[in-house]
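*Asks:* Build me a model:
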Amino acid sequence: MVSGAVFSQLTDVADSIVLASGTLHPHEAVISELGSGFQRRLQLKPPPLAAPHVIPQTQLQVLPYKTAKPCTHENLLQEEFLEDIGHKLLQVLRCVPGGNGVLVFFSSGQVVERAIPLWNRKVLARKTSAWMKPDDVAAPPTAN
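*Replies:* Model (predicted):
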């Protein structure tokens, strides 16, 4: 899926689109990826707000991997590394309250094309579904 083509469909019908995320920086890369329709309509004055780091330490988590490997494009193309990321993602998803889903960013379409079938085959192989109803999720402990 090409993000510029999808975004173009939105810009054709929307009066206004607000993009807000802690992962949309540097803006030049996002502008390039979303295509010319976005570039023509981007409000540059005042300039887009960018914070150097907006994730508090309490929301940052490191999950172990068998060996220390950087998340490079080459490693993302290795089945074992990609499978482990799928298992880690599943661990995180089990902790997400509300059951409304999450948004996962991939570095390229090639990685998506490899990850989804691999995860369906190996990570979710013994599960009936990757989704859980809110009733199936244990309520978080309450603070006293």
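
*Asks:* What's the per-residue pLDDT of residue 37 here?
*Replies:* Residue 37 is assigned 62 on the pLDDT scale.

*Asks:* can you check the one 10 residues further on too?
*Replies:* For residue 47, the model assigns a pLDDT of 65.

*Asks:* ok now do residue 108, which residues does it touch?
*Replies:* Listed by Cβ atoms under 8 Å, 6 or more residues apart in numbering, the contact set of residue 108 reads residue 73. Any C-beta I mention is one placed from the backbone N, CA and C, and that applies to glycine too.

*Asks:* try it again with 6 Å
*Replies:* For residue 108, no contacting residues are found, by Cβ atoms under 6 Å, 6 or more residues apart in numbering.

*Asks:* quick one: it from residue 115, how far?
*Replies:* 10 Å (Cβ to Cβ, to the nearest Å).

*Asks:* now residue 15
*Replies:* Taking Cβ to Cβ, one finds residue 15 at 35 Å from residue 115.

*Asks:* ok, the two, which is more surrounded?
*Replies:* residue 115 (20 against 5; other Cβ atoms under 10 Å).

*Asks:* So that one: helix, strand or coil?
*Replies:* helix (DSSP: H, G, I helix; E, B strand; the rest coil).

*Asks:* what's the pLDDT at it?
*Replies:* pLDDT, read off for residue 115, is 86.

*Asks:* can you pull the contacts of it?
*Replies:* Per Cβ under 6 Å, 6+ apart, neighbours of residue 115: residue 82.

*Asks:* ok, it to residue 106 distance?
*Replies:* 7 Å.

*Asks:* mind listing the helices for the chain?
*Replies:* 3-13, 27-34, 36-41, 73-76, 79-93, 109-118 (DSSP state H).

*Asks:* of the ones you listed, which approaches residue 57 most closely?
*Replies:* Of all those, helix 79-93 sits nearest to residue 57, with 16.9 Å by Cβ to Cβ.

*Asks:* Thanks again, I'm all set now.
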